[in-house]
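*Asks:* please work out how this folds:
(one chain, ligands or ions: 1)
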Amino acid sequence: MPYKIRTLSGYLHEYQKSVLDPEEFWARIAESFHWKKSWDKVVEWNFSEPNIKWFVNARLNITENIFERNLFTLGDRPAIIWEPNDPEETNRILTYRQLFEKVCGFANTLKNLGVKKGDRVIIYMPMVPETAIAMLACARIGAVHSVVFAGFSAQSLADRIIDCEAGIILTSDGNFRGSKIIDTKSVVDKALEQCSSVNTVVVLKRTNTEVNMQEGRDIWWHDAIKGVSTENIAEEMDAEEMLFILYTSGSTGKPKGVVHSSGGYMVYTYYTFMNVFQYNQGDVFWCTADVGWITGHSYIVYGPLLAGATTLMFEGVPTYPDPGRFWAIVDKYKINQFYTAPTAIRALMAFGNEPVEPYSLESLRVIGTVGEPINEEAWHWYHDFIGKNNCPIVDTWWQTETGGILISPIAGVTPTKPAYATLPLPGIQLAILDDDGNELRGKSVEGNLCIKYPWPGIIRTLYGDHERCRQTYFDKFKGYYFTGDGVRRDEEGYYRIMGRVDDVINVSGHRFGTAEIESAINEHPRVVESAVVGYPHKIKGQGIYAFAICDLSGQSSEILKNEIKQTVNKVIGPIAKPDKIQIVSGLPKTRSGKIMRRILRKVAEGDGTDFGDTSTLLNPEVVEEIIKGKE
Ligand code: WTA
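*Replies:* Numbering: from 1, shown residues only. Sure, this is the predicted structure:
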């Protein structure tokens, strides 16, 4: 077991060591894993290509480090506790031994279906243990999983399948979400109309929804695993071989496939899980994210299971059957660490204290947040009312690209401060740069959040487009990884994340590029041009405000707005639907034809007075009109 930080001076000491000799620091942590062959060098890197390799030439399999390494001591301990959408349905508990058997069985099933090392496997599934089993089975045989959030549309799913050229999809007949049933399989069928690479679809029976099974292509999960051996020898992987691809949105173009590698991701998720949450053996950990996002990958599946932890997986939503559901689950399983998103806290806070009152919540020791900035009001409610003034809040800042948490308090060690992610974890060398690329040293500064030295969980490439990876993260500030976030460092050296500085909107903790939403809106035949900006939203953090130039002839604007929302729903999914749409006759543009989003943002935020310098505007008259017609 690597050194677990227990005191503030311990943190400071570890941090210093990690900067003075990063190789020695990470080697010591990595040594607690089972490697089939050790590394020749701890790290080899440059940020110009970029070329980043951790644990060079080492060999391993991440699932051996979850199972074979832990089984002897933890075999009968619950690995996954699954709580269904409907509280009346029976829950499921899988011990490490049982989970191992299922992973091996499904690994063999995938092999029988022709999946080989390096092949991409799309997972479009509900929050059920089989989803984690599928991910781990891929990792077991060296196949590359790409989980797609099951709320994405057929078009978004198709884009991802095509980008990574997947040959197989794992899905379910349907998906329970609160009182709704989502017709998952028919979304897959629709997506596959445009994907020729897929020849196998494995369908898990979950909702008993009637589905159309295509002969020769579709097979039921329960049939596929029937009679398959549960003995499996893990595939040996190079530390840098791909573990998974996860698509995320950027400021331009289509979602990009972030690639994580086996060795570095393993070391990093484990280290951050153990330290940030101060997990002790026997605790029950619950992260409420969906496995379709990076938070679910790192802190429902890989981090906790590598640590031999008990991880709770919840299928449903926070408000079903009532807004006390989260707290009922905390009491039912005596959750010790609870990790959720500010948007969920704000949504539950809106129901008042009553839904929380029946529950004791006394098992809680650490409570965490992730995905977006947390406002002070929500922080205090969470701290005082859920944590009973007795649990440190870990406000964890990180990204799909970082693999694991980079800035966060260490629970019970780092003094917290509302709305601050506080301090970098050991190994993370932050830099704040002004727009010209000068590093702002000292305290009380604000600028672009960058990182100057790699950590094991850092993105390696974008699938199939290394050049886009370079341009997106390593080009704007030479020699640094650029996060796309703005940050402030206060007099105490504490970090507060200020939100995105690029054209990315964070809606309820989900990332969308404005360009991505605009292109979805533009698919409506009556839309001529559109521009999308974020605006402050009480529950979602940011809402989506769309300005659209439309051909209204003979059409009511209300009907058209509704149709536009449906178009976005169809192209991306319900989570990207604009909250407000304003139909305009023009968009403010510079003489070179660029949309001045700064002005639109001001209008959307409700500030119709100070637009700064508008002298470069080609069409100042539209600004007046836009302010008047504000939604
Ligand atoms: C934002 C989620 C403020 C940030 C793990 C980042 C946060 C983006 C925080 C990544 C936080 C994440 N405080 N903002 N604690 N955590 N963000 O890739 O803008 O879905 O760049 O990863 O979420 O979102 P992603």
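*Asks:* now the farthest one out in the chain, which residue is it?
*Replies:* residue 554 (42.9 Å; CA atoms, centre = their mean).
*Asks:* what are the buried residues along stretch 283-295?
*Replies:* Within stretch 283-295, the residues scored as buried using 16 or more other CB atoms under 10 Å are 283-295. From N, CA and C alone the C-beta is placed, and that goes for glycine too.
*Asks:* the ligand contacts on the stretch 401-550 of the chain?
*Replies:* With CB under 6 Å from any ligand atom as the criterion, the stretch 401-550 of the chain meets the ligand at residues 421, 483-485, 497, 500, 506, 511.
*Asks:* take the residues you listed and keep only those in helices.
*Replies:* Judged by DSSP state H, the subset of these located in helices is empty.
*Asks:* closest one of those to residue 599?
*Replies:* residue 500 (18.1 Å; CB to CB).
*Asks:* correct me, but that closest one touches residue 486?
*Replies:* Yes - between residue 500 and residue 486 there is a contact under CB atoms under 8 Å: 7.3 Å.
*Asks:* need the buried residues of stretch 283-295 in CSV (columns: pLDDT, secondary structure and distance to the ligand).
*Replies:* Formatted as CSV, those follow (pLDDT from 0 to 100; DSSP: H, G, I helix; E, B strand; the rest coil; distance: CB to the nearest ligand atom, whole Å):
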residue, pLDDT, secondary structure, distance to the ligand
283, 98, coil, 22
284, 98, strand, 22
285, 98, strand, 17
286, 98, strand, 17
287, 98, strand, 11
288, 98, coil, 13
289, 98, coil, 8
290, 97, coil, 11
291, 98, coil, 13
292, 97, coil, 10
293, 98, coil, 6
294, 98, helix, 5
295, 98, helix, 5
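*Asks:* what two of those are the furthest from one another?
*Replies:* Most distant of those, by CB to CB, are 283 and 292, 25.1 Å apart.
*Asks:* near the ligand, which residues of this structure?
*Replies:* Residues of the chain lying near the ligand (CB under 6 Å from any ligand atom): 248, 293-295, 370-373, 395-400, 421, 483-485, 497, 500, 506, 511.
*Asks:* tell me, how many neighbours does residue 51 end up with?
*Replies:* Neighbours of residue 51 under the rule other CB atoms under 10 Å: 12.
*Asks:* so what's it up against?
*Replies:* Shown in contact with residue 51 (CB atoms under 8 Å, 6 or more residues apart in numbering): 44-45.
*Asks:* measure it to residue 73 for me?
*Replies:* Distance of residue 51 to residue 73, given as CB to CB, to the nearest Å: 38 Å.
*Asks:* could you do residue 269 as well?
*Replies:* Distance from residue 269 to residue 73, by CB to CB: 20 Å.
*Asks:* cool, and residue 417?
*Replies:* From residue 417 to residue 73 the distance is 38 Å (CB to CB).
*Asks:* between these two, which one's more packed in?
*Replies:* residue 417 (17 against 11).
*Asks:* thinking again about what came up before, so which of the residues of the chain next to the ligand are in strands?
*Replies:* Among the residues of the chain next to the ligand, DSSP state E puts 248, 370, 395-396, 483-485, 497, 500, 506, 511 in strands.
*Asks:* and the closest residue to the ligand within the stretch 251-400 of the chain, what does it touch?
*Replies:* Using CB to the nearest ligand atom, residue 400 is the residue of the stretch 251-400 of the chain that sits closest to the ligand, at 3.4 Å. For residue 400, the contacting residues are 246, 248, 258, 293-294, 459, 511, by CB under 8 Å, 6+ apart.
*Asks:* out of those residues, who's nearest residue 61?
*Replies:* Checking the contacts of residue 400 one by one against residue 61 (CB to CB), the nearest turns out to be residue 246, at 19.7 Å.
*Asks:* can you get me a residue count around the closest residue to residue 422 other than its chain neighbours?
*Replies:* Nearest non-adjacent residue to residue 422, counting by CB to CB, 6 or more residues apart in numbering: residue 409, 4.6 Å away. By other CB under 10 Å, the residues close to residue 409 number 25.
*Asks:* which SSE is residue 409 in?
*Replies:* Using DSSP states H and E, no element contains residue 409; it sits outside every helix and strand.
*Asks:* surely it meets residue 424?
*Replies:* No - Residue 409 is beyond contact range of residue 424, at 10.9 Å (criterion: CB under 8 Å).
*Asks:* residue 155: what's its closest spatial neighbour, skipping adjacent residues?
*Replies:* That would be residue 571: by CB to CB, 6+ apart, it lies 5.0 Å from residue 155.
*Asks:* so who does the one you found touch?
*Replies:* 153, 155-156, 519-520, 523.
*Asks:* just these now: which is nearest the ligand?
*Replies:* Using CB to the nearest ligand atom, residue 156 comes nearest to the ligand of the contacts of residue 571, at 15.1 Å.
*Asks:* tell me which element the closest one is part of?
*Replies:* helix 154-164.
*Asks:* point out the other helices and strands that that helix packs with.
*Replies:* strand 120-124, strand 144-147, helix 184-192, strand 242-248, strand 256-261, helix 557-571 (3 or more CB pairs under 8 Å, 6 or more residues apart in numbering; DSSP states H and E).
*Asks:* one more time with 6 Å
*Replies:* On a contact count with 3 or more CB pairs under 6 Å, 6 or more residues apart in numbering; DSSP states H and E, helix 154-164 meets helix 184-192.
*Asks:* who's in contact with the following helix or strand past the helix it packs on?
*Replies:* For helix 184-192, the following helix or strand on the C-terminal side (DSSP H and E) is strand 200-204. Under the criterion CB atoms under 6 Å, 6 or more residues apart in numbering, residues 113, 130, 168-173, 185, 217-221, 224 lie in contact with strand 200-204.
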